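[1] no sequence for this one, just the structure:
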Ligand code: SP5
Ligand code: ZN
């Protein structure tokens, strides 16, 4: 029997287009493109189990419940600066000591953005707040309708820390949705992240807290971005000790080996007994992904959906990465279908 999955998106996702990224000192083609959301929306529109809605809430207050206001203000100012200068804003210097003082706008660029993949464009701020609003609206629908919901968020979010952008992410949409659920009365929420890259931002935000269990499966830091985090021994600190789990994988891991790790990750989630599950749903572990490095197939995303659905916890899926645009829509559909099964 089929039920409907509300899909929440924003037209603001179509308003910004990173022209390039910088890698090893060279200009590289941007992976995080408008084409991604276009392909997903087309696939979702053709599926008979989806109910497409445009987000209408103002995301800003919810963004500020997770991110530092100085940081959010910077993203806004840098977006304006980019418009004035008619050029994307990239960092050149990163803090070699952090005394909390960014002396000028050059220093701020490195203070608030941790890599050279994440340019700030005139529309970055608006799109960021609008994407976060999709996640919040998804969480609202989740609370009310207690059925699977999908937030088509672009820009993605899981690399954004409390006060830093990176990895194509500016606001941590999944964390913002989790915080909203807690502020609405939930006591225990889980974020499960199966994007191929470690969700350093979500880990950062909840690392000292026990009210959000963060579980990540990803390509190991030895091989893939964000390189500095994602090791299995990162368990959380203080109150958060024991509320953070990382499952790093070798390159080329395929469906079968992935499934063993998925079972372990889901066992951890089951034991925690969350009231809500937020899935940071990236599809860049697909074997055709140009930057991912793992080897999952499209039918396997349905299995991931099956197993998440079997937890019996209301689940909000928030779109993260996935750069094989030809198959991205099919991967999303396969996964959502799996949750419904
Ligand atoms: C949300 C998400 O999936 N962010 C991923 C950020 C990863 N950025 C690193 C991309 C590096 C691509 N450069 C490869 C050079 C080959 N031309
Ligand atoms: Zn990713």
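    Perfect, I can see it now. From a predicted model like this one, the values you see are computed outputs, not experimental measurements. Ligands and ions are numbered 1, 2, ... in the order given.

[2] residues contacting the residue of the stretch 151-300 of the chain found nearest ligand 2?
    At 3.6 Å from ligand 2, residue 197 is the closest residue in the stretch 151-300 of the chain, using CB to the ion. Quick note: C-beta positions are derived from backbone N, CA and C, even for glycine. Contacts for residue 197 (CB atoms under 8 Å, 6 or more residues apart in numbering) come out as 158-159, 167, 218-219, 224-226, 282, 284, 321.

[3] Present the residues you listed as a markdown table; the columns should include pLDDT and distance to residue 119.
    Compiled in a markdown table, the contacts of residue 197 are given as follows (pLDDT from 0 to 100; distance: CB to CB, whole Å):
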| residue | pLDDT | distance to residue 119 |
| --- | --- | --- |
| 158 | 99 | 18 |
| 159 | 99 | 14 |
| 167 | 98 | 12 |
| 218 | 99 | 24 |
| 219 | 99 | 24 |
| 224 | 98 | 21 |
| 225 | 98 | 16 |
| 226 | 98 | 17 |
| 282 | 98 | 20 |
| 284 | 98 | 19 |
| 321 | 98 | 17 |
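
[4] hang on, residue 64 packs against residue 73?
    No - at 9.9 Å, residue 64 does not count as touching residue 73 under the criterion of CB atoms under 8 Å.

[5] Those two: which is more packed in?
    Set residue 64 next to residue 73 and count neighbours by other CB atoms under 10 Å: residue 64 wins out with 17 against 13.

[6] which non-adjacent residue is nearest that one?
    residue 72 (6.2 Å; CB to CB, 6 or more residues apart in numbering).

[7] ok, back up a step: what about the contacts of residue 197, which are in helices?
    Among the contacts of residue 197, no member falls in helices (DSSP state H).

[8] Highest neighbour count among those residues?
    Result: residue 158 is most packed of these (other CB under 10 Å), 33 neighbours.

[9] List phi and psi for that residue.
    phi -70, psi -10 (degrees, to the nearest 10).

[10] repeat for the one 3 residues further on
    Note on residue 161: backbone dihedrals following degrees, to the nearest 10 are phi -90, psi 180.

[11] any idea how far ligand 1 is from it?
    From residue 161 over to ligand 1 the distance is 13 Å, taken as CB to the nearest ligand atom, to the nearest Å.

[12] And residue 132, by the same measure?
    On the measure of CB to the nearest ligand atom, residue 132 and ligand 1 end up 14 Å apart.

[13] Tell me which residues touch that residue, please.
    Here residue 132 is in contact with 59, 62-63, 153, 157, 171, 173, 176 (criterion: CB under 8 Å, 6+ apart).

[14] hmm, try it at 6 Å
    59, 63, 171, 173, 176 (CB atoms under 6 Å, 6 or more residues apart in numbering).

[15] Just those residues: which are in helices?
    63, 173, 176.

[16] Closest one of the contacts of residue 132 to residue 325?
    residue 173 (20.1 Å; CB to CB).

[17] so the closest one makes contact with residue 159?
    No - with contacts counted by CB atoms under 6 Å, residue 173 stays clear of residue 159, the gap being 11.0 Å.

[18] how about the residues of this protein that lie near ligand 1?
    Applying CB under 6 Å from any ligand atom, one finds that the chain approaches ligand 1 through 23, 28, 117, 156, 159, 167-169, 195, 197, 225, 282, 284, 291, 320-321.

[19] Relative to residue 88, which of these is nearest.
    For the residues of the chain next to ligand 1, the nearest to residue 88 is residue 117 (11.5 Å; CB to CB).

[20] tally of neighbours for the closest one?
    24.

[21] part of a helix, is it?
    No - assigned with DSSP: H, G, I helix; E, B strand; the rest coil, residue 117 falls outside any helix and is coil.

[22] Do I have it right that it meets residue 21?
    Yes - counting by CB under 6 Å, residue 117 touches residue 21, with 4.5 Å between them.

[23] Name all residues that make contact with the residue in the chain that ligand 2 sits nearest to.
    Using CB to the ion, the closest approach of the chain to ligand 2 is made by residue 321 at 2.8 Å. When contacts are counted by CB under 6 Å, 6+ apart, residue 321 touches 156, 195, 282, 284.

[24] what two of the residues you listed are the furthest from one another?
    Pairwise over these, using CB to CB, the maximum falls at 156 and 284, 10.0 Å.

[25] what's the closest non-adjacent residue to residue 264?
    According to CB to CB, 6+ apart, the nearest residue to residue 264 is residue 247 (6.6 Å).

[26] what's the spacing between residue 80 and residue 48?
    43 Å (CB to CB, to the nearest Å).

[27] And residue 5, its phi and psi?
    phi -110, psi 110.

[28] thought it was touching residue 337?
    No - counting by CB under 6 Å, residue 5 does not reach residue 337; the two are 9.1 Å apart.

[29] and stretch 103-115, anywhere near ligand 2?
    No - Stretch 103-115 stays clear of ligand 2 (CB under 5 Å from the ion), getting no nearer than 12.9 Å.
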